[in-house]
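Engineer: here is a sequence with its predicted model. Questions after.
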Amino acid sequence: MSGETVLVADDEQDITDVCRRYLERDGYRVITAGNGLEALSLWESHRPDLVVLDWMMPGKSGLDICAAIRDEDDVPIVMLTARGEESDRLLGLTLGADDYLTKPFSPRELVLRVRNILRRVSGERQKGEGAQNPADEEAKHFEGLSLFPSQRRTVVRGRETELTVKEFDLLHWFVRHPGQVFSRSQLLSRVWDLDFEGDTTTVTVHIRRLREKIEADPSDPVWIKTVWGIGYKFEGRPLP
């Protein structure tokens, strides 16, 4: 049993019920909300380890809740959106959601995504608290950029920069493989742990958000370069 807490917020009780059943079967403690105001209240009182938010809910929308949470916390957020609402998905990702699923979705896929996100976060935390593996935990220093994996800290041009879980994971992957080109599908597989052909929009949006946070000029990036027709690569001059 993992013991980690997941908040699932959706105004359709059938959805919250099936999500609860599948997540509890996988060992998670699940709390549910049927509207936006209840979801925000439960997040404030329970501080769950991950939040699943429906885009459209009475009281407050999932987007409003996502923005409110991001003002205070970097807890992983998975958005649920109706099929075809691409602009909504992009907006949710831009405002801080880590991932999204389109309805109707497989509850098994939701469990897979929750498990992978929390496993990554938990693994980083445990490595930070326990004995360090020098190959994994050594800080990565480049001119103007430093990553401290065990603490999940990022310093850009001498200033602490707050990154969401997936933004940090993406940057960490890049700095571990400088100069190597990755397609969006490869990044979806390696960073999101989704080993199937899926919508790579989330990769594109996270790249854009990451550039906005670490690049002096996101339109002319120094570190995360676009390789046209293929994908992206990280360029940086390592410091001793």
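Structural biologist: Everything's here; your move.
Engineer: tell me where the model's unsure across this protein.
Structural biologist: For the chain, applying pLDDT under 70 flags the ranges 1-2, 83-92, 94, 123-137, 193-199, 240.
Engineer: the helices in it, which residues?
Structural biologist: Shown for the chain, the helices assigned by DSSP state H span residues 13-25, 36-46, 62-70, 86-94, 107-129, 134-137, 165-176, 184-192, 201-214.
Engineer: and the first one, which residues are buried?
Structural biologist: The one in question is helix 13-25. Residues 15-16, 19-20, 22-23 are the ones in helix 13-25 that count as buried (16 or more other CB atoms under 10 Å). Backbone N, C-alpha and C define where each C-beta goes, glycine included.
Engineer: go on, the last one?
Structural biologist: Neighbour counts using 16+ other CB under 10 Å place 202-203, 205-207, 209-211, 213-214 of helix 201-214 among the buried residues.
Engineer: right, and out of the residues you listed, which lies closest to T154?
Structural biologist: For the buried residues of helix 201-214, the residue nearest T154 by CB to CB is I214; the value is 7.2 Å.
Engineer: next up, the contacts around the closest one.
Structural biologist: 145, 154, 156, 161, 171, 223-224 (CB atoms under 8 Å, 6 or more residues apart in numbering).
Engineer: looking at those residues, which are in strands?
Structural biologist: Residues from the contacts of I214 lying in strands, with DSSP state E as the criterion: 145, 154, 156, 224.
Engineer: how far away is the nearest residue to R70 once chain neighbours are set aside from L63?
Structural biologist: For R70, ignoring the flanking residues on the chain, the nearest one in space by CB to CB, 6 or more residues apart in numbering is G96 at 3.8 Å. Here the criterion is CB to CB, to the nearest Å. By it, G96 lies 10 Å from L63.
Engineer: how about L80?
Structural biologist: 12 Å.
Engineer: equivalent analysis for Y22, please.
Structural biologist: Distance from Y22 to L63, by CB to CB: 25 Å.
Engineer: what sits against the closest residue to R237 other than its chain neighbours?
Structural biologist: Distances taken as CB to CB, 6+ apart place E143 nearest to R237, at 4.8 Å, with adjacent residues excluded. By CB under 8 Å, 6+ apart, the contact list for E143 reads 236-237, 239.
Engineer: do G3 as well
Structural biologist: 27-29.
Engineer: re earlier: next up, the contacts around the residue nearest to R70.
Structural biologist: Shown in contact with G96 (CB under 8 Å, 6+ apart): 66-67, 69-70, 77, 164.
Engineer: make it 7 Å
Structural biologist: The contact partners of G96, taken as CB atoms under 7 Å, 6 or more residues apart in numbering, are 66-67, 70, 77, 164.
Engineer: also N35?
Structural biologist: 11, 57-59.
Engineer: apart from its neighbours in sequence, what residue is nearest it?
Structural biologist: G59 (4.2 Å).
Engineer: ok, that neighbour to A9 distance?
Structural biologist: G59 is 10 Å from A9, by CB to CB.
Engineer: compare these two (neighbour count), which wins?
Structural biologist: For G59 versus A9, neighbours defined as other CB atoms under 10 Å are more numerous around A9 (27 against 16).
Engineer: do I have it right that the more buried one meets V30?
Structural biologist: No: using CB atoms under 7 Å, A9 is not in contact with V30, being 11.2 Å away.
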